[in-house]
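**Q** Here you go, sequence then predicted model.
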Amino acid sequence: MAETNGLRLDVVNDDLKLYQYRDGLTFGTDALLLAAYVRGDAEARAVEFGGGTGIVSLLLAVRRKVGSILSLEIQKEYADLIERNAAENGLSDRVKGVFCDLRDTSACPGPFDLVVTNPPYLKVGAGLQNRSDKKNAARRETAGDIADFCRAAGEKLRTGGRFVCVYLPERLPDLLVAMRAAGIEAKRMTVVSSDPASLPSLVLVEGRRGGAPGMKLTRPLFLYRDASHTAPSGEMQSILDTGDFPAGYGDGTDPKEKGKSV
(Lines give C-alpha, C1' and ligand atoms only; values in the text may rest on other atoms or scores of the structure.)
Protein backbone atom coordinates (compact mmCIF):
# COMPACT_ATOMS: atom_id res chain seq x y z
CA MET A 1 0.00 0.00 0.00
CA ALA A 2 1.39 3.38 -1.01
CA GLU A 3 0.15 6.70 0.39
CA THR A 4 0.25 10.20 -1.10
CA ASN A 5 -1.71 13.45 -0.65
CA GLY A 6 -4.36 11.86 1.53
CA LEU A 7 -4.69 8.93 -0.87
CA ARG A 8 -3.58 5.36 -0.57
CA LEU A 9 -2.98 3.00 -3.45
CA ASP A 10 -4.14 -0.59 -3.04
CA VAL A 11 -4.23 -3.59 -5.34
CA VAL A 12 -7.67 -5.18 -5.00
CA ASN A 13 -9.73 -7.85 -6.77
CA ASP A 14 -8.92 -8.60 -10.41
CA ASP A 15 -5.51 -6.93 -9.81
CA LEU A 16 -7.09 -3.50 -10.08
CA LYS A 17 -5.02 -0.61 -8.76
CA LEU A 18 -7.28 1.57 -6.65
CA TYR A 19 -6.57 4.99 -5.19
CA GLN A 20 -8.73 5.60 -2.11
CA TYR A 21 -9.02 8.54 0.27
CA ARG A 22 -7.73 7.68 3.72
CA ASP A 23 -10.59 9.67 5.33
CA GLY A 24 -13.25 8.32 2.98
CA LEU A 25 -15.11 5.06 2.56
CA THR A 26 -12.91 2.28 1.21
CA PHE A 27 -13.62 -0.77 -0.95
CA GLY A 28 -15.74 -3.24 1.01
CA THR A 29 -17.86 -6.35 0.78
CA ASP A 30 -21.00 -4.53 -0.36
CA ALA A 31 -19.28 -3.16 -3.48
CA LEU A 32 -17.68 -6.52 -4.26
CA LEU A 33 -21.03 -8.33 -3.99
CA LEU A 34 -22.84 -5.68 -6.02
CA ALA A 35 -20.44 -6.06 -8.94
CA ALA A 36 -20.70 -9.85 -8.72
CA TYR A 37 -24.53 -9.72 -8.69
CA VAL A 38 -24.67 -7.96 -12.06
CA ARG A 39 -25.33 -10.31 -14.96
CA GLY A 40 -22.84 -9.67 -17.71
CA ASP A 41 -23.58 -8.14 -21.09
CA ALA A 42 -20.44 -7.10 -22.93
CA GLU A 43 -22.44 -4.69 -25.09
CA ALA A 44 -24.37 -3.03 -22.26
CA ARG A 45 -24.38 0.73 -21.85
CA ALA A 46 -24.45 1.32 -18.11
CA VAL A 47 -24.44 4.04 -15.50
CA GLU A 48 -23.52 3.90 -11.81
CA PHE A 49 -25.15 6.25 -9.31
CA GLY A 50 -22.78 7.27 -6.52
CA GLY A 51 -19.52 5.94 -7.91
CA GLY A 52 -17.21 6.75 -4.99
CA THR A 53 -13.76 5.55 -6.04
CA GLY A 54 -15.27 3.93 -9.12
CA ILE A 55 -14.53 0.39 -7.95
CA VAL A 56 -17.88 -1.11 -8.97
CA SER A 57 -17.66 0.44 -12.44
CA LEU A 58 -14.04 -0.72 -12.76
CA LEU A 59 -14.94 -4.29 -11.79
CA LEU A 60 -17.81 -4.38 -14.25
CA ALA A 61 -15.58 -3.07 -17.03
CA VAL A 62 -12.57 -5.30 -16.38
CA ARG A 63 -14.84 -8.36 -16.14
CA ARG A 64 -16.53 -7.43 -19.44
CA LYS A 65 -19.94 -7.26 -17.79
CA VAL A 66 -20.61 -3.93 -19.52
CA GLY A 67 -19.42 -2.32 -22.70
CA SER A 68 -19.14 1.15 -21.18
CA ILE A 69 -20.18 2.79 -17.93
CA LEU A 70 -20.61 6.33 -16.65
CA SER A 71 -19.89 6.63 -12.92
CA LEU A 72 -21.85 9.56 -11.49
CA GLU A 73 -20.54 11.22 -8.34
CA ILE A 74 -21.72 14.34 -6.50
CA GLN A 75 -18.38 14.93 -4.75
CA LYS A 76 -15.97 16.55 -7.22
CA GLU A 77 -12.87 15.01 -5.69
CA TYR A 78 -14.37 11.55 -6.12
CA ALA A 79 -15.46 12.19 -9.69
CA ASP A 80 -11.85 13.13 -10.42
CA LEU A 81 -10.65 10.06 -8.52
CA ILE A 82 -12.81 7.80 -10.70
CA GLU A 83 -11.11 9.26 -13.77
CA ARG A 84 -7.68 8.70 -12.17
CA ASN A 85 -8.48 5.10 -11.24
CA ALA A 86 -9.82 4.38 -14.72
CA ALA A 87 -6.62 5.73 -16.25
CA GLU A 88 -4.45 3.81 -13.78
CA ASN A 89 -6.04 0.58 -14.99
CA GLY A 90 -6.16 1.35 -18.69
CA LEU A 91 -9.96 1.63 -18.68
CA SER A 92 -10.45 5.30 -19.56
CA ASP A 93 -12.11 4.36 -22.83
CA ARG A 94 -14.84 2.42 -21.03
CA VAL A 95 -15.20 4.02 -17.56
CA LYS A 96 -15.94 7.74 -17.21
CA GLY A 97 -16.30 9.70 -13.99
CA VAL A 98 -19.07 12.31 -14.18
CA PHE A 99 -19.44 15.10 -11.62
CA CYS A 100 -23.17 15.69 -11.21
CA ASP A 101 -26.17 15.44 -8.92
CA LEU A 102 -28.28 12.39 -9.82
CA ARG A 103 -31.37 14.54 -9.25
CA ASP A 104 -30.31 16.36 -12.41
CA THR A 105 -28.77 13.80 -14.74
CA SER A 106 -28.86 15.83 -17.94
CA ALA A 107 -25.09 15.22 -18.16
CA CYS A 108 -25.73 11.56 -18.96
CA PRO A 109 -28.44 11.20 -21.61
CA GLY A 110 -30.04 7.77 -21.73
CA PRO A 111 -31.42 5.32 -22.29
CA PHE A 112 -29.17 2.83 -20.53
CA ASP A 113 -29.29 -0.95 -20.37
CA LEU A 114 -28.17 -1.05 -16.74
CA VAL A 115 -28.20 1.17 -13.66
CA VAL A 116 -26.15 -0.05 -10.72
CA THR A 117 -25.90 1.61 -7.33
CA ASN A 118 -24.59 1.28 -3.79
CA PRO A 119 -26.57 4.24 -2.39
CA PRO A 120 -26.24 5.88 1.03
CA TYR A 121 -27.89 3.58 3.55
CA LEU A 122 -28.75 6.01 6.35
CA LYS A 123 -31.20 8.85 6.70
CA VAL A 124 -29.76 12.24 7.64
CA GLY A 125 -29.20 12.32 11.40
CA ALA A 126 -29.39 8.54 11.83
CA GLY A 127 -26.63 6.74 13.74
CA LEU A 128 -23.29 8.13 14.85
CA GLN A 129 -21.99 10.96 12.70
CA ASN A 130 -18.62 10.56 11.00
CA ARG A 131 -15.92 13.16 11.48
CA SER A 132 -15.14 12.89 7.78
CA ASP A 133 -17.44 14.85 5.46
CA LYS A 134 -16.58 12.36 2.72
CA LYS A 135 -17.88 9.44 4.78
CA ASN A 136 -21.01 11.30 5.85
CA ALA A 137 -21.87 12.12 2.23
CA ALA A 138 -21.37 8.49 1.21
CA ARG A 139 -23.31 6.98 4.11
CA ARG A 140 -26.20 9.42 4.55
CA GLU A 141 -28.91 10.72 2.25
CA THR A 142 -27.56 14.28 2.18
CA ALA A 143 -27.82 14.54 -1.61
CA GLY A 144 -30.89 12.47 -2.39
CA ASP A 145 -32.75 9.61 -0.76
CA ILE A 146 -33.55 6.15 -2.12
CA ALA A 147 -36.65 7.52 -3.88
CA ASP A 148 -34.41 9.96 -5.78
CA PHE A 149 -32.03 7.15 -6.78
CA CYS A 150 -34.86 4.97 -8.04
CA ARG A 151 -36.62 7.84 -9.79
CA ALA A 152 -33.43 8.69 -11.68
CA ALA A 153 -32.98 5.02 -12.58
CA GLY A 154 -36.51 4.83 -13.94
CA GLU A 155 -35.87 7.91 -16.08
CA LYS A 156 -32.58 6.63 -17.48
CA LEU A 157 -33.31 2.94 -18.12
CA ARG A 158 -34.71 1.68 -21.37
CA THR A 159 -37.80 -0.50 -21.13
CA GLY A 160 -36.55 -3.90 -19.97
CA GLY A 161 -33.34 -2.36 -18.64
CA ARG A 162 -32.03 -3.63 -15.32
CA PHE A 163 -31.51 -1.91 -11.98
CA VAL A 164 -29.15 -3.56 -9.48
CA CYS A 165 -28.77 -2.26 -5.93
CA VAL A 166 -27.22 -3.25 -2.59
CA TYR A 167 -29.01 -1.96 0.51
CA LEU A 168 -29.79 -2.59 4.16
CA PRO A 169 -32.45 -5.21 5.05
CA GLU A 170 -34.14 -2.87 7.53
CA ARG A 171 -34.74 -0.37 4.73
CA LEU A 172 -35.90 -2.91 2.17
CA PRO A 173 -39.53 -1.66 2.23
CA ASP A 174 -38.32 1.84 1.30
CA LEU A 175 -36.34 0.43 -1.62
CA LEU A 176 -39.12 -1.75 -3.03
CA VAL A 177 -41.72 1.01 -2.75
CA ALA A 178 -39.38 3.47 -4.47
CA MET A 179 -38.58 1.00 -7.24
CA ARG A 180 -42.21 0.32 -8.05
CA ALA A 181 -43.05 4.04 -7.97
CA ALA A 182 -40.29 4.55 -10.56
CA GLY A 183 -41.67 1.82 -12.82
CA ILE A 184 -39.03 -0.73 -11.83
CA GLU A 185 -40.29 -4.14 -10.74
CA ALA A 186 -38.14 -6.22 -8.39
CA LYS A 187 -37.29 -9.54 -10.08
CA ARG A 188 -34.50 -11.12 -7.99
CA MET A 189 -33.38 -10.72 -4.38
CA THR A 190 -30.64 -12.24 -2.22
CA VAL A 191 -30.17 -11.60 1.49
CA VAL A 192 -26.61 -11.68 2.85
CA SER A 193 -25.50 -12.72 6.34
CA SER A 194 -22.05 -13.02 7.88
CA ASP A 195 -22.70 -16.65 8.83
CA PRO A 196 -25.64 -19.06 9.26
CA ALA A 197 -26.20 -17.93 12.86
CA SER A 198 -26.30 -14.19 12.08
CA LEU A 199 -29.15 -11.98 10.93
CA PRO A 200 -28.96 -10.54 7.40
CA SER A 201 -26.71 -7.49 7.05
CA LEU A 202 -27.19 -6.70 3.35
CA VAL A 203 -29.71 -7.30 0.61
CA LEU A 204 -29.09 -7.38 -3.14
CA VAL A 205 -31.98 -6.57 -5.48
CA GLU A 206 -32.27 -6.70 -9.26
CA GLY A 207 -35.22 -5.03 -10.93
CA ARG A 208 -36.44 -4.49 -14.46
CA ARG A 209 -37.97 -1.30 -15.81
CA GLY A 210 -41.44 -2.11 -17.06
CA GLY A 211 -41.21 -5.68 -15.74
CA ALA A 212 -44.25 -7.71 -14.73
CA PRO A 213 -44.83 -8.41 -11.02
CA GLY A 214 -43.12 -11.52 -9.71
CA MET A 215 -39.84 -11.80 -7.86
CA LYS A 216 -37.44 -14.69 -7.20
CA LEU A 217 -36.06 -14.81 -3.65
CA THR A 218 -32.85 -16.83 -3.89
CA ARG A 219 -31.27 -18.88 -1.16
CA PRO A 220 -29.31 -16.67 1.26
CA LEU A 221 -25.61 -15.96 0.90
CA PHE A 222 -23.41 -16.58 3.94
CA LEU A 223 -20.03 -14.87 3.81
CA TYR A 224 -18.35 -17.30 6.22
CA ARG A 225 -18.77 -20.97 7.02
CA ASP A 226 -19.43 -20.41 10.73
CA ALA A 227 -19.35 -17.84 13.51
CA SER A 228 -15.56 -18.06 13.85
CA HIS A 229 -15.22 -16.29 10.47
CA THR A 230 -11.96 -18.10 9.78
CA ALA A 231 -12.91 -19.27 6.28
CA PRO A 232 -15.29 -18.00 3.60
CA SER A 233 -18.28 -20.09 2.66
CA GLY A 234 -18.09 -22.12 -0.53
CA GLU A 235 -20.39 -19.64 -2.28
CA MET A 236 -18.35 -16.65 -1.13
CA GLN A 237 -15.11 -18.30 -2.20
CA SER A 238 -16.65 -18.85 -5.62
CA ILE A 239 -17.53 -15.14 -5.82
CA LEU A 240 -13.98 -14.20 -4.83
CA ASP A 241 -12.53 -16.57 -7.42
CA THR A 242 -14.82 -15.80 -10.35
CA GLY A 243 -16.38 -12.39 -9.74
CA ASP A 244 -19.85 -13.90 -10.18
CA PHE A 245 -22.48 -15.45 -7.96
CA PRO A 246 -22.49 -19.25 -8.33
CA ALA A 247 -25.24 -21.11 -10.16
CA GLY A 248 -28.55 -21.20 -8.36
CA TYR A 249 -28.78 -17.52 -7.46
CA GLY A 250 -31.34 -16.70 -10.12
CA ASP A 251 -28.88 -15.62 -12.78
CA GLY A 252 -30.02 -18.22 -15.31
CA THR A 253 -26.82 -20.31 -15.11
CA ASP A 254 -28.40 -23.16 -13.15
CA PRO A 255 -29.88 -25.81 -15.50
CA LYS A 256 -32.79 -26.22 -13.07
CA GLU A 257 -33.71 -22.58 -13.73
CA LYS A 258 -33.68 -22.95 -17.52
CA GLY A 259 -36.67 -21.35 -19.13
CA LYS A 260 -37.64 -19.45 -15.98
CA SER A 261 -37.82 -15.69 -16.23
CA VAL A 262 -35.93 -13.70 -13.62
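**A** It's in.
**Q** What separation do you get for the nearest residue to Arg63 once chain neighbours are set aside and Val12?
**A** Using CB to CB, 6 or more residues apart in numbering and skipping the chain neighbours, the partner closest in space to Arg63 is Gly243 (5.1 Å). All C-beta spots, glycine's among them, are computed from the backbone N, C-alpha and C. To Val12, Gly243 is 12 Å away according to CB to CB, to the nearest Å.
**Q** Over to Arg171?
**A** Noted for Arg171: a distance of 27 Å to Val12, by CB to CB.
**Q** before we move on, what about Ala87?
**A** From Ala87 to Val12 the distance is 16 Å (CB to CB).
**Q** swap in Asp30?
**A** According to CB to CB, Asp30 stands 14 Å off from Val12.
**Q** Kindly report the same for Gly54.
**A** With CB to CB as the criterion, Gly54 and Val12 are 12 Å apart.
**Q** Now do the SS call for Val205.
**A** Recorded secondary structure, Val205: strand (DSSP: H, G, I helix; E, B strand; the rest coil).
**Q** ok now do it, which residues does it touch?
**A** Val205 makes contacts with Val164, Cys165, Val166, Tyr167, Leu172, Leu175, Leu176, Met179, Ala186, Arg188, Met189, as judged by CB atoms under 8 Å, 6 or more residues apart in numbering.
**Q** ok, how many other residues are close to Leu34?
**A** Using other CB atoms under 10 Å, Leu34 is surrounded by 23 other residues.
**Q** Spell out the secondary structure type for it.
**A** Classification of Leu34 using three-state DSSP returns helix.
**Q** Surely it is in contact with Val115?
**A** No. Between Leu34 and Val115 there is no contact under CB atoms under 8 Å: 11.8 Å.
**Q** shared neighbours of these two, anything?
**A** Val164.
**Q** which stretches of the stretch 101-250 of the chain form strands?
**A** For the stretch 101-250 of the chain, the strands defined by DSSP state E, counting those that start in this stretch occupy 112-117, 157-167, 184-193, 200-209, 216-217, 221-222.
**Q** and Leu91, which of these is closest to it?
**A** Closest to Leu91 of the strands of the stretch 101-250 of the chain is strand 112-117 (CB to CB; 15.7 Å).
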